[in-house]
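Q: Got a predicted structure plus its sequence, pasted below:
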Amino acid sequence: MINEEIRAKEVRLVGTEGEQIGIKPLREALQMAMDLNLDLVNVAPTAKPPVCRIMDYGKFRYEQQKKEKEARKNQKIVDIKEVWFRANIEEHDFQTKLRNVIKFLKDGDKVKCSVRFRGREITHADIGKKILDRVKDEVAEISNVERVPKLEGRSMIMILAPKN
């Protein structure tokens with residue numbers, strides 16, 4: 001809340017440089033802010049009495065937005081890429097999919113490795129586990145296993161995260 005939006009009778013006033021001015025009536029605090037061509041901003045509305053600061057609110061908001069934008073620019077968004085394997089996958093197909101897993105991990109993304117079972121393949125879930133264990137062993141030096149291979153419905157899923 002700023003200026004006339006403040007509804008307290010008395011406020012604890014903080015100056016432009018952060019110095020404590022003391023407890024003042026709201027009218028007097030507003031007048032002091034207007035004399036300096038600045039705003040009276042309620043920084044701690046729950047305190048007794050509320051703490052208000054004299055500042056240039058527009059400049060404050062601008063700098064706050066700049067900081068938030070800088071923080072968003074620096075954060076890394078981690079995607080989850082998914083690579084599907086089949087229970088009866090051939091060697092060349094396995095190597096191709098493994099290259100994709102390695103590329104995703106090096107890009108800093110998490111990888112969800114899934115073995116999809118069709119028809120009666122589901123009775124041989126151990127084959128799917130062997131495939132996922134082989135993937136885990138191949139990328140052991142660049143990744144951590146975030147979720148061990150687990151059967152969910154007709155597919156077995158394992159999640160790999162890149163090492164930092």
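A: Noted; the coordinates are in hand.
Q: Would you map the helices across the chain?
A: For the chain, the helices defined by DSSP state H cover 26-35, 57-74, 91-106, 125-138.
Q: For the first one, list every residue counted as buried.
A: Going back to what we said before, that points to helix 26-35. 26, 29, 30, 32, 33 (16 or more other CB atoms under 10 Å). Any C-beta I mention is one placed from the backbone N, CA and C, and that applies to glycine too.
Q: The fourth one touches residue 54, doesn't it?
A: Pointing back at residue 32 there. Yes - between residue 32 and residue 54 there is a contact under CB atoms under 8 Å: 6.6 Å.
Q: Now the common contact residues for the two.
A: 13, 40 (CB atoms under 8 Å, 6 or more residues apart in numbering).
Q: which one of the buried residues of helix 26-35 sits closest to residue 84?
A: Checking the buried residues of helix 26-35 against residue 84 by CB to CB gives residue 33 as the nearest, at 63.2 Å.
Q: ok, now which ones touch the closest one?
A: Per CB under 8 Å, 6+ apart, neighbours of residue 33: 3, 39, 40, 54.
Q: How confident was the prediction at residue 71?
A: At residue 71, the model reports a pLDDT of 87.
Q: what about it, how many residues close to it?
A: Close neighbours of residue 71, defined as other CB atoms under 10 Å, add up to 9.
Q: I'd like the distance between it and residue 64.
A: Applying CB to CB, to the nearest Å, the value for residue 71 to residue 64 is 11 Å.
Q: again, but for residue 70
A: 11 Å.
Q: Which strand in the protein has the most residues?
A: Criterion DSSP state E: the longest strand present in the chain is strand 143-152.
Q: which helices and strands sit right next to that one?
A: Counting contacts by 3 or more CB pairs under 8 Å, 6 or more residues apart in numbering; DSSP states H and E, strand 143-152 is packed against helix 125-138, strand 155-162.
Q: pLDDT of that strand, averaged?
A: 92.
Q: Adjacent strands (with direction) for it?
A: Paired with strand 143-152 in the same sheet, following DSSP bridges, are strand 155-162 (antiparallel).
Q: For this protein, list the residue farthest from the centre, please.
A: Distance from the C-alpha centroid of the chain, by CA atoms, centre = their mean, peaks at residue 28 (43.5 Å).
Q: ok, now which ones touch that residue?
A: Applying CB under 8 Å, 6+ apart, no residues qualify as near residue 28.
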